[in-house]
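Undergrad: sequence and computational prediction follow.
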Amino acid sequence: MDNPIIQSMLQRKSVRKYSKQQPTDDVIESVVRAGQQAPFAAQLYSVLLNRKKRNPFGAPLLFTICVDMHKLELIMARRGWKTVSNNLSMLFFGIQDAAYMAENMVMAAESLGMGSCFIGGTPYNAAKIQKTYHLPLRVFPLVELTMGYPAEEFPPRPRYPLEYTLFEDRYPEMTEEMVTRAMQSMDEGYLSQGYYLKQKAKIDIEVEGKEEAFTYQDYSWTEHISRKWGQWLADPTELLEQLAACGFEIELAEKK
Ligand SMILES: Cc1cc2nc3c(=O)[nH]c(=O)nc-3n(C[C@H](O)[C@H](O)[C@H](O)COP(=O)(O)O)c2cc1C
């Protein structure tokens, strides 16, 4: 199966080098309008734009896509209602609304000859972003998205084989061979691009009892991702504090 939309999706990749060309207001508005047309639970998002300051990767545009309950609550108040839905449930819906919108923006950007890259640390800077953009409570910065015209050319990055992704009728027993094939396709794909070497992105080993056994010759995705989630973010307190600062307390005591 092949058509221009599928081709564009299969060719998309995260861009970390941008030309100086500024996208016009028309281009920006088209991207955000296309984003808005994503499926939604309750349009629980807002999009912040920065094109004044130095952005990550030198991108001309930096969007911050936020989960936004504030705007909905303004409308509900007009209707004489208050939210009783718990914050965890609303965050699940809000994160989906914001994420589907963000991905629509990514593909709209592709269609206009631009590239983009998400920045995942945003929730941990939420309180700072809240100050910078004067966010009201009930708005939580979920993810940042750099965007602009690419100044680099490279092939798409690998993905798991479909046998490790699509399971019809029942989840399969994962065989050793399936795991090996999945790891191989990811590791070989990233190594062949020199992905971690180019970005100097090797994560240091911080835990005791593990020795560094990799160089950029064999360090690839499966080791990288294992070091991330095997070492980082053990304690949820920091994220819970950022959520609370933005008006999203997550506590079991919420349950009345
Ligand atoms: C939620 C999320 C957070 C991300 N955070 C970062 C980031 O902080 N820095 C970065 O360079 N890329 C980031 N990325 C981009 C991923 O590294 C990239 O999508 C992944 O390696 C697959 O590569 P591809 O998009 O080129 O196919 C993020 C992507 C997502 C979806």
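TA: Structure's in. What do you need?

Undergrad: burial check on the residue in the stretch 151-256 of the chain that the ligand sits nearest to, number of neighbours?
TA: Of all residues in the stretch 151-256 of the chain, the one sitting closest to the ligand is R157 (3.8 Å; C-beta to the nearest ligand atom). All C-beta spots, glycine's among them, are computed from the backbone N, C-alpha and C. By other C-beta atoms under 10 Å, 14 other residues sit near R157.

Undergrad: for the chain, what spans make up the helices?
TA: Per DSSP state H, the chain carries helices over the ranges 4-11, 25-36, 70-78, 87-111, 126-132, 176-192, 195-199, 221-229, 237-245.

Undergrad: about what we covered before: pop out the phi and psi values for the residue of the stretch 151-256 of the chain closest to the ligand.
TA: Main-chain dihedrals, R157, degrees, to the nearest 10: phi -80, psi 160.

Undergrad: isn't it up against K13?
TA: Yes - between R157 and K13 there is a contact at 5.8 Å, judged by C-beta atoms under 8 Å.

Undergrad: on that earlier part again, how about the residue of the stretch 151-256 of the chain closest to the ligand, what does it touch?
TA: K13, S14, G189, Y190, Q193, Y195 (C-beta atoms under 8 Å, 6 or more residues apart in numbering).

Undergrad: now swap in Q217 and tell me
TA: Going by C-beta under 8 Å, 6+ apart, Q217 touches no other residue.

Undergrad: ok, back up a step: mind checking which of the contacts of R157 are buried?
TA: Among these, those buried by neighbour count (16 or more other C-beta atoms under 10 Å) are K13, G189, Y190, Q193, Y195.

Undergrad: among those residues, which ones lie close to the ligand?
TA: Residues of those in contact with the ligand (C-beta under 6 Å from any ligand atom): K13.

Undergrad: what's the closest of the buried ones among the contacts of R157 to Y149?
TA: The closest of the buried ones among the contacts of R157 to Y149 turns out to be K13 (C-beta to C-beta; 14.3 Å).

Undergrad: contact partners for that closest one?
TA: Counting by C-beta under 8 Å, 6+ apart, the residues that K13 touches are G115, F154, P155, P156, R157.

Undergrad: look up how far A234 lies from it.
TA: 31 Å (C-beta to C-beta, to the nearest Å).

Undergrad: and R54, by the same measure?
TA: Distance from R54 to A234, by C-beta to C-beta: 32 Å.

Undergrad: now swap in L72 and tell me
TA: For L72, the distance to A234 - C-beta to C-beta - is 33 Å.

Undergrad: quick one: which of those two has more around it?
TA: L72 (17 against 7).

Undergrad: spit out the contact partners of the residue of the stretch 51-200 of the chain found nearest the ligand.
TA: Nearest to the ligand in the stretch 51-200 of the chain, going by C-beta to the nearest ligand atom, is G120, at a distance of 2.7 Å. By C-beta under 8 Å, 6+ apart, the contact list for G120 reads V143.

Undergrad: kindly report the same for the one 10 residues further on.
TA: For Q130, the contacting residues are V139, P141, A245, C246, by C-beta under 8 Å, 6+ apart.
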